[in-house]
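S.K.: Build me a model from this:
(one chain, ligands or ions: 1)
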Amino acid sequence: MTVVAIMGAQWGDEGKGKIVDELAMKANFVVRYQGGSNAGHRVVHDTGEFAFHLVPSGILYPNTSCIIGNGVVIDPKGLISEIELLQEQGIDTSRLYISERAHVVMPYHFLLDRLEEEARGADKIDSTQRGIGPAYVDKHARTGIRMADLLNVDTFRAKLSQILQQKNRMITQIYGQPPLSLEEIHGTYFRYGQQLLPHIADTQKMLHDALFENKTILLEGAQGALLDIDFGTYPFVTSSSTMAAHAAVGAGLPPRSIDRVIGIYKAYITRVGSGPMPTGLFEAVGHELRDRGHEYGTTTGRERRCGWFDAVAGRFVAQLNGLDAAILTKLDVLDTFLTIKICTAYSLHGKIIHSLPATLSDLAACEPLYEEVEGWQCDTTGIQSYDELPYAAKNYLNRLEELLETPIAMISVSPQRGKTIQVQDVMAPPEHDARYPRNIMR
Ligand code: IMP
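M.R.: From the prediction side, this is the model:
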């Protein structure tokens, strides 16, 4: 049995889709534990290209079951379209299970996401406009609607009626917009509940059974650690906890059931949406990284800002999450550069610092201090083993390992499935210390 939590270790878009797709082959269950349809994974396959927002990409394997956990917020309309599209592409979606405790993204969440962003003006967060922030607000304000609520026509109506009165007061009195209709939302979302009924399940029970049956479970994070609600570049963050520590809660597993935590880093760094990014580059190098890496959002199509690898932010994330290993993606994007820079420290008001400051003003004032290493200037996309990598690429990887204080277990050199160099098997069963039986359920 192995339980592996895998997470984005930068500002999202680290190429998790491809890695999760490859690791899912060895997993009995793949579980999404936070976020919503703000996430976007693209998986390139022999049979075509698949875009995922809510459904774990493990669904592409006929023997892998996929769970959308209680920590996720679900737009049922988007989810139904995603399921239908997968079915049209010939994928069996009957192995998809949705936690009955997951919260629903309602139409007023989409509307408020847009209206709140407009009201912020120049300080806008640049959200994906998928209603994520307002849905998590309601979850924590205890005014959310959960998947199980959609299934009972009367209690759903009573709950919605009460919530909608309050939402409509906000919509009409604060934002001067027309109110939303109870009848329309109730009818439509009850129907969505019925459509999703075959997938709605007691998913934590399924996962506990899986633990007892020695199954392999992959917990798949969305977004990235630097967008975390606590440790990200607040307030330019998403509204969920993207940290590995939350993987257990968002899936419904005991924290000690997680054997291994793996962080995915891109070989450089990108960010979509507003907020500080110390190594962001606006000149030719930034454009070259964007064009070579096709750095446009899967969910919104927006251009991503690009920059050199930020090892200060990288180590901050590795330490906070206790990463057992890192996976580096898109190494091939650096193939053409004569030299490559790595940010090893920041200069803040004349002082050299090695960690991420908490305030936005300090973060914005941080100037990256770079170390420059030689590029390798050859095509790495066909390379299959670590030994075949050019010397300069190995040198770059070694330096990142030192700076992150974390071993690199896999290196991706192309978007194609299988074009990944494996140094260590992150899904291998762990060796347990017999003195400390890890599974508190036994
Ligand atoms: P929200 O999650 O839609 O509220 O957006 C909050 C911030 O997180 C915005 O800057 C988004 O661009 C960013 N964000 C949300 N989801 C992702 C993602 O999957 N990848 C990268 N950035 C994201």
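
S.K.: confidence score at A24?
M.R.: Listed pLDDT for A24 reads 94.

S.K.: do the same with the one 10 residues further on
M.R.: The pLDDT attached to Q34 in the predicted structure is 98.

S.K.: hang on, it packs against N70?
M.R.: No. Between Q34 and N70 there is no contact under C-beta atoms under 8 Å: 9.8 Å. From N, CA and C alone the C-beta is placed, and that goes for glycine too.

S.K.: residues of the helix or strand containing D154 that come out buried?
M.R.: Assigned by DSSP states H and E, D154 belongs to helix 153-169. By 16 or more other C-beta atoms under 10 Å, the buried positions in helix 153-169 come out as F156, R157, K159, L160, I163, L164, K167, N168.

S.K.: Now do the contacts for the most centrally placed residue in the chain.
M.R.: Taking C-alpha atoms, centre = their mean, the centroid of the chain lies closest to A222, which sits 1.4 Å from it. Taking C-beta atoms under 8 Å, 6 or more residues apart in numbering as the definition of contact, the neighbours of A222 are G8, G12, K16, R32, Q34, G35, G36, N38, A39, T242.

S.K.: tell me the phi and psi of P198?
M.R.: In this entry, P198 is assigned phi and psi values of phi -60, psi -20 (degrees, to the nearest 10).

S.K.: The one 3 residues further on now?
M.R.: Reported as degrees, to the nearest 10, the phi and psi values for A201 are phi -150, psi 170.

S.K.: In terms of helices and strands, where is R290?
M.R.: Counting by DSSP H and E, the element that carries R290 is helix 284-292.

S.K.: Now that helix: buried residues?
M.R.: V285, G286, E288, L289, R290, R292.

S.K.: likewise stretch 398-406?
M.R.: For stretch 398-406, a neighbour-count test (16+ other C-beta under 10 Å) marks R399, L400, L403, L404, T406 as buried.

S.K.: Report the spatially nearest residue to C66, omitting neighbours in sequence.
M.R.: By the measure of C-beta to C-beta, 6 or more residues apart in numbering, the closest residue to C66 outside its immediate chain neighbours is P56, 4.1 Å from it.

S.K.: That neighbour contacts S65, correct?
M.R.: No. Contact status for P56 versus S65: not in contact, 9.3 Å apart, counting by C-beta under 8 Å.

S.K.: Contacts only, for A51.
M.R.: Remark: with contacts taken as C-beta under 8 Å, 6+ apart, A51 is in contact with G40, H41, R42, T298.

S.K.: quick one: the third one is in a strand?
M.R.: Yes. Using DSSP: H, G, I helix; E, B strand; the rest coil, the assignment for R42 is a strand.

S.K.: quick one, helices of the stretch 51-200 of the chain?
M.R.: For the stretch 51-200 of the chain, the helices identified by DSSP state H, counting those that start in this stretch occupy 76-88, 107-120, 132-140, 153-169, 182-196, in order along the chain.
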